[in-house]
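J.: how would this look folded up:
(one chain, ligands or ions: 1)
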Amino acid sequence: MNRDEEKLLQEAGKVLPLAYAPYSNYRVAAAILTEDGKIFTGVNVENASYGLTICAERAAVFAAVSAGCRSFSHLVITADDEDNLPFPCGACRQVLREFSPDLKIIVAGKGKTFSMSLAELLPYSFQL
Ligand code: THU
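T.: Presented below is the predicted three-dimensional model:
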């Protein structure tokens, strides 16, 4: 990981304890870097009506868009589970693609890190 990515992982780690995941007990945090150098974080927020849950990476993107930022270079996602890495779900891939088709994604676990492009995760993607 380069310095930007390390910083994103550090910021994601700070908010990881804020994840609200009483149903899955799988806490996730994300940090996204805008093209102009700002960082926004998000955590997963679950709900008793399970389908209303929002993933950490979507929370981060929506926080950024709500602050007027729509262009992103890097996203780091981490979870507090050593065995199951938080590769972004299909819905999040499509939401990320809306704003930054060239996004670089880093999925970080304890001692294990995977880097990939959004295009690799979502080939032949849909956009209007
Ligand atoms: N989750 C995320 O927040 N991001 C991911 O990349 C994978 C899944 C959340 C949703 C749910 O709260 C919990 O993880 C278990 O699926």
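J.: Go ahead and confirm Arg27 touches Thr78.
T.: No: between Arg27 and Thr78 there is no contact, the gap being 9.3 Å when judged by C-beta atoms under 8 Å. Using the backbone N, CA and C atoms, a C-beta is placed for each residue, glycine as well.
J.: Name the SS class of the residue lying closest to Ala67 once chain neighbours are set aside, please.
T.: Nearest-residue entry for Ala67: Phe40, 6.9 Å, with adjacent residues in sequence omitted and distances by C-beta to C-beta, 6 or more residues apart in numbering. Using DSSP: H, G, I helix; E, B strand; the rest coil, the structure places Phe40 in strand.
J.: Same question for Val95.
T.: Classification of Val95 using three-state DSSP returns helix.
J.: Tell me how many other residues crowd it.
T.: For Val95, the count of nearby residues is 17 (other C-beta atoms under 10 Å).
J.: separation between it and the ligand?
T.: Applying C-beta to the nearest ligand atom, to the nearest Å, the value for Val95 to the ligand is 11 Å.
J.: Fine by me, thanks again.
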